[in-house]
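A.B. asks: how does the following fold in three dimensions:
(one chain, ligands or ions: 1)
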Amino acid sequence: MTSERKSIHGQWSTRLMFILAATGSAVGLGNIWKFPYITGENGGGTFVLVYLLCIALIGIPVMMAEIMLGRRGRQSPINTMKTLAEEERRNVNWIWLGRMGMVAGFMILSYYSVIAGWAMSYIFRTASGVFVGATAEGVSSIFADLVSDPEKLLAWHTIFMAMTMIVVARGVKHGLEVAIRFLMPALFALLLLIVGYAMTTGHFMQGVSFMFTPGEISNEGILDAMGHAFFTLSLGMGAIMVYGSYLPKGTSIVQATMFIAAADTIVALLAGLAIFPIVFANGLEPGAGPGLIFKTLPIAFGQMEAGTLIGTTFFILLVFAAWTSAISLIEPAVAWLAENKGMNRLHASVWTGVAAWFVGLGTIFSFNIWSDKTWSIPYLFKDYTLFTTLENLTFNVMLPLGGLFIAIFAAWLMRESSSRDELKTYDWIYRLWRILLRYVTPVAIIIVFLKAISII
Ligand code: PFF
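C.D. replies: Okay, the predicted model is just below:
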């Protein structure tokens, strides 16, 4: 029966198309902006190790589960969960998994667009040549000027959100293929080039040892590493599930997942190897926070041969990478509005985009006029702005929780015959996947949560 179900939104034309789109969703600001800055904040070494373990033991099995559920359900995550819960004779409340994911995607998009706006403004800053020969202080003060100006941030945030709405309105497939097929490899090549520059700073090995020598890590650091594994692979909120719902039947989910996870991890590690040597060579702080890449990479662009051209191209490609991720953040909501509220894609994406734009204002103000408006909840968090609250709530709570429930549904509640039929892989891979998802993933997520809130 399931093999006859069709998505009303259409299908990817080829297997490659799905892999490109899912890689486009996974590779984004998470790899280049977020990974280096949270690695820096959490002291490097052990953090990177825990992150890699989380990718292997939690991220990969959950990604396979999400694609599988999506392809079987063939609808928006909310309706997919409803259909599958009925089919597997489970409680209909499983639709809450889809609902939470939709809200998480919406919340992430609201701040993702603001940060993508920073990257957009850096295209023009770099092109203008202001970074040529600039000192570390000069570069930091240019960043400080940008984030203290709400009007500028608002303009860039608006442009980026409009770009996202336009693509989503036209249907995610148009244009995506060209964008990803050519621009991703180009981004990869530029990252290699910047790593090459980092090797000439005289501090390359210090950067490597910061990233790979195990040291201390706090319980919150472990939660960050796990949350990041979900965030960077776009898991736990239905983005990959909805892309899976457009996947033709014959495609191997296992192979696709391995490719996406490998590409995503390599890009993140390269970004770290590019940035940390520059941090140490210029006496900067690895824990400088969300501005880290904007305070480091321009120094490199200001010093290297053809740096203005390379830097400008780099930020253009970074914006593209962010764009292909952003469209997957609202796709679950848009698919749902189109299925259930009778809206066409244009209306659905405009509604969602405008609402996310509005919430994004809170993130913009968190860096300037509301920067002193912070709150704390004992045992949970301290002095959070609206931006850090949204960031941590989605990243450290909603995505891992989504992943936990996906694991429970796919590995405990779905019949083995259904998941075997969908995954169609070697028996040992299937068994390993099921063991990881049944035991390792849920236990790891629960322990990390409880430790982070100091219960155990
Ligand atoms: N994976 C994206 C990144 O690393 O930038 C962010 C993201 C996209 C998270 C889509 C979640 C999502 F559903």
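A.B. asks: quick one: list the elements packing against the host helix or strand of Val448.
C.D. replies: Element membership for Val448, per DSSP states H and E: helix 441-452. In terms of contacts (3 or more C-beta pairs under 8 Å, 6 or more residues apart in numbering; DSSP states H and E), helix 441-452 is packed against helix 219-232, helix 399-408. From N, CA and C alone the C-beta is placed, and that goes for glycine too.
A.B. asks: how about the residues of the stretch 301-450 of the chain near the ligand?
C.D. replies: Ser325, Ser328, Leu329 (C-beta under 6 Å from any ligand atom).
A.B. asks: before we move on, the earlier item: is it possible to export the helices and strands packed on helix 441-452 to a markdown table including mean pLDDT?
C.D. replies: A markdown table is the format used below for these (pLDDT from 0 to 100):
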| stretch | mean pLDDT |
| --- | --- |
| helix 219-232 | 95 |
| helix 399-408 | 97 |
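A.B. asks: TSV for these, including mean neighbour count?
C.D. replies: Formatted as TSV, the helices and strands packed on helix 441-452 follow (neighbours: other C-beta atoms under 10 Å):
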stretch	mean neighbour count
helix 219-232	25
helix 399-408	24
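A.B. asks: columns distance to Lys152 on top of these, output as JSON lines?
C.D. replies: Shown next, in JSON lines, are those (distance: least, C-beta to C-beta, whole Å):
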{"stretch": "helix 219-232", "distance to Lys152": "26"}
{"stretch": "helix 399-408", "distance to Lys152": "30"}
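A.B. asks: please name the nearest non-neighbouring residue to the closest residue to the ligand within the stretch 151-300 of the chain.
C.D. replies: Nearest residue of the stretch 151-300 of the chain to the ligand, counting by C-beta to the nearest ligand atom: Ala239, 3.0 Å away. Closest residue to Ala239 apart from its sequence neighbours, by C-beta to C-beta, 6 or more residues apart in numbering: Ser328 at 4.2 Å.
A.B. asks: check contacts around Trp94.
C.D. replies: Residues in contact with Trp94 (C-beta atoms under 8 Å, 6 or more residues apart in numbering) are Met81, Lys82, Leu84, Ala85, Phe405, Phe409.
A.B. asks: who are the contact partners of Asn31?
C.D. replies: Thr232, Asp264, Val267, Ala268, Ala271, Ala321.
A.B. asks: burial count for the third one?
C.D. replies: In other words, Val267. The local packing of Val267 (other C-beta atoms under 10 Å) involves 24 other residues.
A.B. asks: also the fifth one?
C.D. replies: Other residues near Ala271 come to 24 when the count uses other C-beta under 10 Å.
A.B. asks: who touches the closest residue to Ala338 other than its chain neighbours in this structure?
C.D. replies: Of all residues not flanking Ala338 in the chain, Ala348 sits nearest, at 5.2 Å (C-beta to C-beta, 6+ apart). By C-beta under 8 Å, 6+ apart, the contact set of Ala348 is Ala333, Val334, Leu337, Ala338, Lys341.
A.B. asks: between the residues you listed, which sits nearest the ligand?
C.D. replies: Nearest to the ligand among the contacts of Ala348 is Ala333, at 11.0 Å by C-beta to the nearest ligand atom.
A.B. asks: got a pLDDT number for the closest one?
C.D. replies: With respect to pLDDT, Ala333 scores 92.
A.B. asks: kindly report the same for the one 3 residues further on.
C.D. replies: Confidence at Trp336, expressed as pLDDT, is 92.
A.B. asks: so which strand or helix has it?
C.D. replies: Element membership for Trp336 (DSSP H and E) is helix 307-340.
A.B. asks: between helix 219-232 and that helix, find me the angle.
C.D. replies: For helix 307-340 against helix 219-232, the angle by axes from the mean of the first three to the mean of the last three C-alpha atoms, to 10 degrees is 80 degrees.
A.B. asks: now do the buried residues in helix 307-340.
C.D. replies: Across helix 307-340, burial judged by 16 or more other C-beta atoms under 10 Å covers 307-308, 310-339.
A.B. asks: would you tell me what the next helix or strand after that helix is?
C.D. replies: Per DSSP H and E, the first helix or strand lying C-terminal to helix 307-340 is helix 345-366.
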